[in-house]
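Engineer: got a predicted model here, sequence first, then my questions.
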Amino acid sequence: MGFKELTLRQNEKLLMSGSANKWETFGSKGGKLFLTDQRIVFQAHGFNFGSKFDEYQLSDIQTQGNTVNIKTTTNLISFNITFYTKYGEELSFVVTRSQKNEWIRQITEAVTSLARSRISFPANIPEEDKENISAQIKVIQCQGCGAFVITTAGNAAKCDYCGRPTVG
Ligand SMILES: [Zn+2]
């Protein structure tokens, strides 16, 4: 099963990849899911020259307040990653259950990068201060609904989807 490697952009970092099934209206299709600090990409098996990756920008994922609408759910046999785009699409992938913790860790990393890239600093702020401010950004997975909540270190925040409090 030859997979074409994902071509990364300049300044893009691959965080994780693994086997996945993508849920579609008429069943599911198998392939591989890639997570970078900028995109989520799905490549189906039987990928041919000329076919396209299914590609979603992290910046296109729906957000509500400080909460990013990527959710994970686990059951006895599978681990699912579902996200919603700001265009109203719902994408759902079943990934390898043994990779659950790694996926959660890397999604947290991806959302953290996204949050850091969105900080707008006042003009003339020293680089060192920018780094310190960026380092305060924390991302916590909501224990209630599985969404990812952006907060700052040591501060309480609440999930904007289910209202459950989290502590950064
Ligand atoms: Zn929640």
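Structural biologist: Done, it's in.
Engineer: alpha carbons only for contacts and neighbour counts from here, please
Structural biologist: Noted.
Engineer: residues from the protein in reach of the ion?
Structural biologist: Cys142, Gly144, Cys145, Cys159, Cys162 (Cα under 5 Å from the ion).
Engineer: got phi/psi on Leu101?
Structural biologist: I think there's a mix-up here, since residue 101 is Asn and not Leu. phi -60, psi -40 (degrees, to the nearest 10).
Engineer: not counting its neighbours along the chain, what's nearest the residue nearest the centre of the chain?
Structural biologist: Nearest to the geometric centre of the chain sits Ile107, at 4.2 Å (Cα atoms, centre = their mean). Nearest residue to Ile107 in three dimensions, chain neighbours excluded: Leu35, at 7.7 Å (Cα to Cα, 6 or more residues apart in numbering).
Engineer: one step back: and the residue nearest to the centre of the chain, that's in a helix?
Structural biologist: Yes: the assignment for Ile107 (DSSP: H, G, I helix; E, B strand; the rest coil) places it in a helix.
Engineer: could I get the pLDDT score of it?
Structural biologist: Ile107 is assigned 98 on the pLDDT scale.
Engineer: ok, back up a step: buried only: go through the residues of the chain next to the ion for me.
Structural biologist: Cys142, Cys145, Cys159 (16 or more other Cα atoms under 10 Å).
Engineer: quick check, the second one in a strand?
Structural biologist: Read it as Cys145. No: per three-state DSSP, Cys145 lies outside any strand segment and is coil.
Engineer: can we start the residue count at 539 from this point?
Structural biologist: Happy to do that; since the first residue is 539 now, the last one works out to Cys683.
Engineer: please state the backbone phi and psi of it?
Structural biologist: phi -120, psi -10.
Engineer: now do the strands in the chain.
Structural biologist: Along the chain, the stretches classed as strands by DSSP state E are 552-562, 565-574, 577-582, 592-595, 601-602, 605-606, 608-612, 617-622, 628-633, 675-679, 686-690, 694-696, 703-705.
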